[in-house]
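Prediction below, plus the sequence it came from.
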Amino acid sequence: MHSLVRRFIKTGIIFLITGLVLGAWMMIRREFGGVYPSRYQVSAHTHLIAIGFVMNMILGVALWLFPRPAPEDKRYNPTLALSAWWLVAIGTATRTIAELSHDYTQSSYLKWAVVLSGLAQIFGLCLFFYTMWTRIRALGSKVREASGERF
């Protein structure tokens, strides 16, 4: 398993654990203290799980399992995939911290942090799939499909 694949997967696991801890904290406060999570806490929890865990796992496994780039492939670039990891990881962490901080202050800096970190997540995901696009191709299945095999 390539180091970048491990980076995506391990980052996903860290975000999962962080999301589970945040979810447990919100649940305990709700059940025993009658304190319902704010919309910012719910958003932070959602992004930790959906982007931080799920998308990092998908990106890591895609990088691992998709066919290697064709020799003539000029679009796939591991540096872009690494840049995507940085954008998604930093975007998710920053967004989580900024959204959780919203309960304590309504600073305009936090609003900018949430927006910019959310845009980093979006750009990172788009960048990843841009560089991976040419690796989504038929290999052996193309021959089997041509012979009439159905999946």
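Right, received. Where do you want to start?

Can you verify my assumption that residue 62 contacts residue 133?
No. In this structure residue 62 lies outside contact range of residue 133 using C-beta atoms under 8 Å: 11.2 Å. All C-beta atoms are positioned from the backbone trio N, CA, C, and that covers glycine.

Comparing those two, which residue is more hemmed in?
residue 62 (17 against 12; other C-beta atoms under 10 Å).

How about the more buried one, nearest residue that isn't a chain neighbour?
residue 132 (6.3 Å; C-beta to C-beta, 6 or more residues apart in numbering).

what's next to the one helix or strand that neighbour maps to, contact-wise?
Here residue 132 sits within helix 108-132, counting by DSSP states H and E. Defining contact as C-beta atoms under 8 Å, 6 or more residues apart in numbering, one finds that helix 108-132 is touched by 47, 51, 55, 59, 62-63, 66, 75-77, 80-81, 83-88, 90-92, 94-95, 97-99, 101-102.

Out of those residues, list just those in helices.
Assigned to helices by DSSP state H, the following of these qualify: 47, 59, 62-63, 80-81, 83-88, 90-92, 94-95, 97-99, 101.

Mark which of these are buried, thanks.
Taking 16 or more other C-beta atoms under 10 Å as the criterion, what is buried in these is 47, 59, 62-63, 81, 83-85, 87-88, 91-92, 94-95, 98-99, 101.

what kind of secondary structure is residue 72 in?
Put simply, residue 72 is coil when judged by DSSP: H, G, I helix; E, B strand; the rest coil.

count of neighbours near it?
Residues near residue 72, counting by other C-beta under 10 Å: 6.

Ok, residue 128 next?
Neighbours of residue 128 using other C-beta under 10 Å come to 24.

neighbours around the residue nearest to residue 62, how many?
20.

Next one, pLDDT for it please.
pLDDT for residue 132: 94.
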